[in-house]
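1. Have a look; sequence and predicted model below, questions after that.
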Amino acid sequence: MIQDGLHVGLAAWITAQRGAGGFVACPAIPFSTELTTFENALTMTNLKRVAEFARMVNFCPHKGQFAEPFSQSGPLWEVHRKLLESMEFALRPWTEAEDEAWKRAKEVLYETGDSGTESVSRLFRLYDEYRIAYSELATAGADPSALTGVLSDWLAIGKKMEVESALSTLNRLALRSSLPEAQAAALALSPSLLPVTDDDSYAPTTFSPVSAVNTDTWLTAEATLDELNRAVGDLQPRSKWDAWKGTRSGVVRFRFAALEIRRPWFQSTMYEADDWRLPNGAAASVGDGVEGVLPAYVSALYLAVVDDIRLASTPPPLRLPELARPPRLQLDLVGPRALTAAAGTRPALLPKSLPIAMRAADVSVIRAEGTMHLPAFRGRLAHFGKIELLTQERVFRRVEIANAIAGSASTATEAPKPPVYVVGFGCQPVPAAPRPNPNYTWPTP
């Protein structure tokens, strides 16, 4: 298991590596969990795990406070639904063409089951597999040929352009008029329409990459306690970390996964729109992650398993910071080029050729020693430990697992053993809202 207090350092380290903004919220103590997917929820046991996962990541976090998963206060779907039902909208509808564009984009990104429950589409999940893997490769300073190969597959198999066009459409129209989205989301979150278990109801919530249910896809990392301490920085509260670290020095080797949370019923862009208001000038959020009815939401879940802790009897010498520059990729679209691969290195879905080939140039690479390397940390002037190099073969393996999970429940991956531990939650503040545009026409009070 993970020692109480160490989980704060690991969560801060994962947050620093991701560079996703927002803030990290750590539970008061680390706790174990088991992953499953909606595709595998064919038994009451797995259905309960799906519901448990939804309740675990849908608490409302507050910056500077410990996370409270499974909080008794209203979960995100209840808070969100009540805000939606309270909104007063400006008199500005979409056109019929915009309604159709919204519908087509939703069909690309989400699927509706026989029961009417909406979930993330298989195409969107494949897109996420490639997007996350490509980002990890680029951050790691991978070889340009590996980047080009994964990007080509992302375009052809992950339908990069199609999915990003759908995302762009939803974001654009949500900012134009949020009334249809609000009405649809409020209806979908009606208590009578939510999935239920023996214990409670929940709003469908899943994660990317879905291949993380197999812990073989996780990355291995190594960091000194000093590096973890630097990652913690001014994180509050850090009392647990300070109590655990004390004067210790040494190295921690661990495996980790950062799961991005997907909710068909929640779009943060809703709170950026300027065509709604709340009665009596109430604030949904003030934008600081602390105040308001809905100050922030969980955007990622951080899981880890500690493999080894090597404590030093005396403090190690200070490691001087090294300059690091993240890889920069310059792409030129050129004519068609056939791509071939050795047998057994790609999923069966890979085509024999792709319509677009790309050339990578002007790439700054940080070389690895063995299977570990020092990644460029978002352009900062310090290295935060070592992280395993993600290879192109590992990317293909992730996609194979994702395809198997999405394609057939009979290929379900068993829960990871030994147990995996929740060390923290990546959180994003909700933008200051509402901010009604005084130039719109509003209903008479």
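-> Good, I have the coordinates. A quick note: this is a predicted structure, and the numbers were derived from the prediction, not measured. Numbering: from 1, shown residues only.

2. what are the phi and psi angles of residue 82?
-> phi -60, psi -40 (degrees, to the nearest 10).

3. give the contact list for it.
-> By C-beta atoms under 8 Å, 6 or more residues apart in numbering, residue 82 lies in contact with residue 74. (Each C-beta comes from the backbone N, C-alpha and C, glycine too.)

4. Go ahead and flag the most central residue of the protein.
-> The residue lying closest to the centre of the chain (C-alpha atoms, centre = their mean) is residue 260, at 1.6 Å.

5. For residue 154, which non-adjacent residue is closest in space?
-> residue 130 (3.7 Å; C-beta to C-beta, 6 or more residues apart in numbering).

6. shouldn't the one you found be in contact with residue 149?
-> No - contact between residue 130 and residue 149 fails when scored by C-beta atoms under 8 Å: they sit 11.0 Å apart.

7. higher neighbour count, those two?
-> residue 130 (25 against 22; other C-beta atoms under 10 Å).

8. how far away is that one from residue 209?
-> 9 Å (C-beta to C-beta, to the nearest Å).

9. Same question for residue 144.
-> On the measure of C-beta to C-beta, residue 144 and residue 209 end up 23 Å apart.

10. who's more crowded, those two?
-> The residue with more neighbours, out of residue 144 and residue 209, is residue 209; 23 against 17, by other C-beta under 10 Å.

11. The more buried one contacts residue 403, correct?
-> No - look at residue 209 against residue 403 with C-beta under 8 Å: they stay out of range, at 11.9 Å.

12. what's the burial count for the closest residue to residue 203 other than its chain neighbours?
-> Leaving out its chain neighbours, the residue that sits closest to residue 203 by C-beta to C-beta, 6+ apart is residue 77, at 3.7 Å. For residue 77, the count of nearby residues is 24 (other C-beta under 10 Å).

13. if I pick residue 77, what's in contact with it?
-> Here residue 77 is in contact with 58, 189, 194, 202, 203, 265, 266 (C-beta under 8 Å, 6+ apart).

14. I'd like to know which of the residues you listed are buried.
-> Among the contacts of residue 77, those scoring as buried are 58, 189, 194, 202, 203, 265, 266 (criterion: 16 or more other C-beta atoms under 10 Å).

15. okay, the last one: pLDDT?
-> Note on residue 266: pLDDT of 92.

16. Same check on the first one?
-> Per-residue pLDDT puts residue 58 at 96.

17. how close does it sit to residue 299?
-> 12 Å.

18. Next: the fifth one.
-> Applying C-beta to C-beta, one obtains 16 Å for the distance of residue 203 from residue 299.

19. Also the fourth one?
-> Spatial separation of residue 202 from residue 299 under the definition C-beta to C-beta is 18 Å.

20. Now do the same contact list for residue 394.
-> Here residue 394 is in contact with 133, 217 (C-beta under 8 Å, 6+ apart).

21. And it, how close does it get to residue 219?
-> 9 Å.

22. got it, and residue 195?
-> From residue 195 to residue 219 the distance is 32 Å (C-beta to C-beta).

23. Can you pull out the low-pLDDT segments for the protein?
-> For the chain, the stretches flagged by pLDDT under 70 are 39-45, 92-94, 313-384, 407-418.

24. Recalculate using a threshold of 50.
-> 320-383, 409-413, 415-416 (pLDDT under 50).

25. which helix of it spans the most residues?
-> Determined from DSSP state H, the single longest helix within the chain is helix 122-140.

26. Could you figure out how far the helix or strand that that helix is followed by is turned away from helix 122-140?
-> Counting by DSSP states H and E, the next helix or strand C-terminal to helix 122-140 is helix 144-156. On the basis of axes from the mean of the first three to the mean of the last three C-alpha atoms, to 10 degrees, helix 144-156 is oriented at 160 degrees to helix 122-140.

27. list the helices and strands helix 144-156 packs on?
-> Contact partners of helix 144-156 among helices and strands, from 3 or more C-beta pairs under 8 Å, 6 or more residues apart in numbering; DSSP states H and E: helix 122-140, strand 358-361, helix 392-407.

28. Of these, which is nearest residue 445?
-> Among the helices and strands packed on helix 144-156, helix 122-140 comes nearest to residue 445, with 40.8 Å by C-beta to C-beta.
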